[in-house]
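**Q** Quick one, what's the 3D model for this:
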Amino acid sequence: MLFDPTAVNFVMNTMQAASYLGVPSDVIEDLVSRRTIPFTRIGERVVFSKTAIDQWIYARSMENLSEDLPALGFHGKGGR
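**A** Down below sits the predicted model:
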């Protein structure tokens, strides 16, 4: 199988997910053990959907953004 992380429905193993996210594979293994990152077990194998990981990253970035906005001076409607 060719490693093409640009494919929408691409499924990755731990090493590929680590490469895609730019982190060591032990970080991915830790996230799996804590059930923090979206993954699927197929028998003993752990696989990752590129789409699910992309959505997970987007959701986390939105959480971080909402936490950072007040510090940047944005307080929402009616805020000062």
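**Q** how about the longest strand along the chain: buried residues?
**A** Taking DSSP state E as the criterion, the chain has its longest strand at strand 45-49. For strand 45-49, burial by neighbour count (16 or more other C-beta atoms under 10 Å) applies to 46, 48, 49. C-beta: built from backbone N, CA, C; applies to glycine.
**Q** Return the set of residues that bridge with the first one.
**A** Taking DSSP bridges, one finds residue 41 as the beta-bridge partners of residue 46.
**Q** Residue 65 versus that one, what's the distance?
**A** 29 Å (C-beta to C-beta, to the nearest Å).
**Q** what's the answer for the second one, then?
**A** Look at residue 48 and residue 65: by C-beta to C-beta, they are 24 Å apart.
**Q** Residue 38 touches residue 54, doesn't it?
**A** No - the criterion here is C-beta atoms under 8 Å, and residue 38 misses it with residue 54 at 9.9 Å.
**Q** Identify the residues contacting stretch 21-31?
**A** With C-beta atoms under 8 Å, 6 or more residues apart in numbering as the contact definition, stretch 21-31 has outside contacts at 14, 15, 17, 18, 37, 48, 53.
**Q** With secondary structure added, can I get those in TSV?
**A** Listed next are those as TSV, based on DSSP: H, G, I helix; E, B strand; the rest coil:
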residue	secondary structure
14	helix
15	helix
17	helix
18	helix
37	coil
48	strand
53	helix
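**Q** Selection in ChimeraX covering whichever of the residues you listed are buried, please.
**A** To isolate the buried members of the contacts of stretch 21-31 in ChimeraX, using 16+ other C-beta under 10 Å:
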select :14,17,18,37,48,53
